[in-house]
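> Need the 3D shape of this:
(one chain, ligands or ions: 2)
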Amino acid sequence: MLPRAKTIYENCSVLDVSGNLLFRAGRKKLDWYLSRDLAREIDETTIQLTFQNKGDGRSKEPFYLQEMRNACVVCNSIDSLTMHHVVPYQYRQYMPEDIKSHSSFDLLPVCIGCHDKYEQHANALKKHLAQCFDAPFAGIGWIDRPDVGKAGKAAAALLSKNPRIPKARLRDLCSVVERVALDRTALFSDQTQRWVETCQDTAQISANETLLHELCAMEVRVAGPDFRSHGEMVIGALMRSQKLPHTCNACKELVDGGISALVVCWRRHFVEHARPAHLPDHWKHWYRSELIPIYGICVGALGVCGFFASRALKSPEVVWDKHNNPYPWLHVKQNENVKLMDPNNRFEKQWSRDRL
Ligand SMILES: [Zn+2]
Ligand SMILES: [Zn+2]
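Ligands and ions are numbered 1, 2, ... in the order given. Take a look at the predicted model:
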């Protein structure tokens, strides 16, 4: 993967007729509006629309309004940046339009070094999905063309013009090339097809270097009419809520959650394995749902501790102000309860500390 030659985020602003920020865009988009007289230029990086826009744009979504930093979200480097698809394109391209339209949320600047490190983890997850969803990484529906492969090798040998190839072998190589050129003419370029169709002498076929080069470049394996890629199969299984007998429990949860669960799964995977310390603001952290009860218990326990600590400090036995209130327990009246509860209703009122 090569780094981006130009700045990733130009952070230009598009304002509505009232001067509110609608969305951020690149300079090219600003020029698009200006060239059509749809906006007026306020400064080099800001334009204001001259028409009342429909809807609110991104003005209700703070993530899209902020200035984005042109730095790696993992290590903060500003060199060799590339755009990382948090949800790999091989899955996203088959997702419904409403999810795809938010794709810029899952595009983050990452430097080449951090990107390569994370890709090893991403490949492990892809392989796991391939197993659980019976979706081979290479896809299914490939068609093998052994004759094309053989003819390609023969063409390469003929192009090498090696004088040590025996004459009988040369004749064999020529006949292999001629057979494919005549039987599979449609595989060649239009120009070569026309040449083969008008060729009077088949012996000339194996002497045509353009044809030989085209043969060398032909793929032995091609996607057939029923070809389905790995990503297409995984997304298809999620859309059909299809669980297979060997699908692991985590992937069964993905099936229950559908496409959005896969998006969350990839975001969480990126946060856990790339450990990005410089994520843009409002980029949600995707906590594990199974940890929510633990967070709940911890928050509850801390709350109870706080309550009892504050109660103990406010009890009538604690002296806070030695000069003005040296004996706070003397202010407790006969009918006042100082305990937490009064199950026998012996007291009329609950005591509360009214001074330090
Ligand atoms: Zn980095
Ligand atoms: Zn699984």
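> chain center to stretch 17-31, what's the gap?
Its chain's average C-alpha position is 25 Å from that of stretch 17-31, according to C-alpha atoms, centre = their mean, to the nearest Å.
> That stretch: end-to-end distance?
Taking C-alpha to C-alpha, to the nearest Å, stretch 17-31 runs 17 Å from one end to the other.
> got the domain boundaries for the protein?
Per automatic domain parsing, the domain ranges recorded for the chain read 1-68, 143-225, 292-350.
> And the average pLDDT for the shortest one is what?
The one in question is domain 292-350. Per-region confidence: domain 292-350 scores 81 on mean pLDDT.
> now the longest one
Per-residue pLDDT over domain 143-225 has a mean of 91.
> what's the span of it from first residue to last?
Span of domain 143-225 from end to end, C-alpha to C-alpha: 9 Å.
> heads up, I number from 25, so please use that
Renumbered: residue one is now 25, and that last one reads domain 167-249.
> list the helices and strands the helix or strand in which residue 199 is found packs on?
Using DSSP states H and E, residue 199 maps to helix 191-207. Applying 3 or more C-beta pairs under 8 Å, 6 or more residues apart in numbering; DSSP states H and E, we find helix 191-207 packed against helix 170-184, helix 233-241. In short, each C-beta sits where N, CA and C put it, glycine included.
> Please list the outside residues in contact with the helix or strand just after the last one.
Next helix or strand after helix 233-241 toward the C-terminus (DSSP H and E): strand 245-252. With contacts defined as C-beta atoms under 8 Å, 6 or more residues apart in numbering, strand 245-252 is touched by 163-169, 260.
> Go through those residues and name the one nearest residue 229.
Taking C-beta to C-beta as the measure, residue 229 sits nearest to residue 169 out of these, at 18.4 Å.
> I figured that closest one hits residue 244, correct?
Yes: in this structure, residue 169 is within contact of residue 244 by C-beta atoms under 8 Å, at 5.7 Å.
> Please convert the helices and strands packed on helix 191-207 to TSV, extending it with mean neighbour count.
As requested, the helices and strands packed on helix 191-207 are exported to TSV (neighbours: other C-beta atoms under 10 Å):
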stretch	mean neighbour count
helix 170-184	17
helix 233-241	17
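> Of all those helices, which one comes closest to residue 34?
Residue 34 lies closest to helix 233-241 among the helices and strands packed on helix 191-207, at 39.3 Å (C-beta to C-beta).
> So what's the gap between the closest one and the chain middle?
40 Å.
> Taking helix 170-184 as reference, get the angle to that helix.
With axes from the mean of the first three to the mean of the last three C-alpha atoms, to 10 degrees defining the directions, helix 233-241 sits at 130 degrees from helix 170-184.
> what helices or strands is helix 233-241 leaning on?
In terms of contacts (3+ C-beta pairs under 8 Å, 6+ apart), helix 233-241 is packed against helix 170-184, helix 191-207, helix 214-222.
> Go through the domains of the chain and name the closest to residue 290.
It's domain 25-92; of the domains of the chain, that one is closest to residue 290 (C-beta to C-beta) at 17.2 Å.
> Now do the closest one, average pLDDT.
On average, domain 25-92 scores 86.
> Now look at it and say if it contacts ligand 1.
No: Domain 25-92 does not reach ligand 1 (C-beta under 5 Å from the ion); its nearest approach is 11.1 Å.
> and residue 109, bridged to which residues?
Per DSSP bridges, the residues bridged to residue 109 are residue 131.
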